[in-house]
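Participant: A predicted structure for the sequence below; I have some questions about it.
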Amino acid sequence: MSHVFPRHSKLNPPVAVGGEGCYLIDSTGKRYLDGSGGAAVSCLGHGDKEVAAAIKAQIDTLAFAHTGFFTSEPAEALADLLIEHAPAGLDRVYFVSGGSEATEAAIKLARQYFVEKGEPKRGKLIARKQSYHGNTIGALSAGGNEWRRAQFGPLLLDVSHIDPCYEYRLRRDDESAEAYGLRAAQALEDEILRLGPETVMAFMAEPVVGATAGAVPPAPGYFRRIREICDKYGVLLILDEVMCGMGRTGTLFACEQDGVAPDILCIAKGLGAGYQPVGAMLCTADIYDTLAAGSGFFQHGHTYIGHPVATAAGLAVVRALLGRGLVGRAARQGETLMRKLTERFGQHPHVGDIRGRGMFRGIELVADRDTKAPFDPGKGVAGKIKKAAFEAGLICYPMSGTIDGKTGDHVLLAPPFIIEDAQLDELTDKLALAIEAAI
Ligand code: PMP
């Protein structure tokens, strides 16, 4: 019997004992191709010797020094490197231990900024229906995933959720992608005006939507218009790149491809690449300076923020991404993956959409391609694909997404950037088997 909860006791999962490149290995010796990097985490693959050595060296030198007293060399070096490559205007870095901590901190930072600025009425957050921002109460409130929110009703913060930018389902046939992008962004201005601009503090969104919908990229121009609207009403733009950041979409930060820079940017997952739990929140000098000139500090903190070993791992990961040309590789191999998925599933009667950017790809499954009708949720297609793929030795990340109660099944693919062409073939072959077994 396993004493690890919550899921393990029920599912009786295999015991992972090793990792090599794009594969995980269980205690029976079975190998699994990591087609989703866990949950878009393992960008470098498993068993990276340089990252392991950097972690070991840091533990041998300094394992921990509380940030209430000290900063540390790896935290300073990682912050410098991130700011050197971050979108224009981002100037300060706050390290945390994961994605939910990053988004939670972002919400609190936005609130404190306006209080210190003398605009205490600004406390409302706007986010999107098709989104996931984490599992702590603030982050869960910001997310629009109905299933994850369902049981926590009375505790959740009151966050407005506007429609996402979701071309496959929400663009009209007579509308260009650009026109749709503008119309989708208009929902933000409408909501700001409905709430009263003087009460709104921030808009939070994932540049490419991950865990709720399977790699949904924005329509062209959507985020540029969102940025204009935020600026017009003095609303902060918080971009959550916890899943889509750190090179996953083919640029170090996903928002680079949309030509926008946020006021606050959240990263995690790929930052530690699975070697250490580490995330970060980046913010502008204006936000930082406002707090510095006011109360003097961010009224927030966890014991393990800026952890030396976690930031040393992050530093080794970012150096590997940049130094080994892995971001460009994610872009190139991502195109190969897209081509292989299109060849294999482009005409499939139950594949409605294949999408994404770089090494962040999604497939949307439908009961009927013409009407785009989703499968009956009771059929549990996503869960069955996950199970069949796992049995065949493929880790992929299937999920059911919801917008206003309409459910669809998706598969998210996010392999390590080091993946070879032959392994992409293995991935598509095994996924095809799993889809056939599930439908
Ligand atoms: N934001 C996004 C976009 C995510 O995908 C996730 C995790 N799937 C989170 C936040 C939360 O991150 P964590 O699980 O590390 O708390």
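Facilitator: Here it is on my side, so go on. From a predicted model like this one, the values you see are computed outputs, not experimental measurements.

Participant: contact partners for the residue in the chain positioned nearest to the ligand?
Facilitator: Proximity of the chain to the ligand (Cβ to the nearest ligand atom) peaks at residue 99, 2.1 Å away. Every C-beta, even on glycine, is put in place using the N, C-alpha and C of the backbone. Contacts of residue 99 were listed using Cβ atoms under 8 Å, 6 or more residues apart in numbering, and they are 133, 134, 139, 240, 242, 243, 266, 268, 269, 279.

Participant: bridging residues for the last one?
Facilitator: Pointing back at residue 279 there. Beta-bridge partners recorded for residue 279 (DSSP bridges): residue 96.

Participant: dump the residue contacts of it.
Facilitator: Counting by Cβ under 8 Å, 6+ apart, residue 279 touches 95-99, 101-102, 242, 266-269, 271-272.

Participant: quick one: which of these sit in helices?
Facilitator: 99, 101, 102 (DSSP state H).

Participant: so the second one sits against residue 138, correct?
Facilitator: No - using Cβ atoms under 8 Å, residue 101 and residue 138 do not qualify as a contacting pair, with a distance of 10.3 Å.

Participant: so between the two, which is more surrounded?
Facilitator: Applying other Cβ atoms under 10 Å to residue 101 and residue 138 shows that residue 101 carries more neighbours, namely 27 against 21.

Participant: what sits closest to the more buried one if chain neighbours are left out?
Facilitator: Spatial nearest neighbour of residue 101, excluding adjacent residues (Cβ to Cβ, 6 or more residues apart in numbering): residue 279 at 5.9 Å.

Participant: distance of the one you found from residue 94?
Facilitator: Applying Cβ to Cβ, to the nearest Å, the value for residue 279 to residue 94 is 9 Å.

Participant: distance from stretch 181-192 to the middle of the chain?
Facilitator: Mean C-alpha position of stretch 181-192 versus that of the full chain (Cα atoms, centre = their mean, to the nearest Å) differs by 22 Å.

Participant: buried residues, stretch 332-346. List them.
Facilitator: Of all the residues in stretch 332-346, those buried under the rule 16 or more other Cβ atoms under 10 Å are 333, 334, 337, 338, 340, 341, 344, 345.

Participant: can I get the residues you listed in CSV with secondary structure, pLDDT and distance to the ligand?
Facilitator: Converted to CSV, the buried residues of stretch 332-346 look like this (DSSP: H, G, I helix; E, B strand; the rest coil; pLDDT from 0 to 100; distance: Cβ to the nearest ligand atom, whole Å):
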residue, secondary structure, pLDDT, distance to the ligand
333, helix, 98, 21
334, helix, 98, 18
337, helix, 98, 19
338, helix, 98, 21
340, helix, 98, 24
341, helix, 98, 21
344, helix, 98, 26
345, helix, 98, 24
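
Participant: and of these, the nearest to residue 54?
Facilitator: residue 333 (24.6 Å; Cβ to Cβ).

Participant: residue 361 is in contact with that closest one, correct?
Facilitator: No - Residue 333 lies out of contact with residue 361 (Cβ under 8 Å); the separation is 10.7 Å.

Participant: list the backbone torsions phi and psi for residue 349.
Facilitator: Per-residue torsions, residue 349: phi -60, psi -20 (degrees, to the nearest 10).
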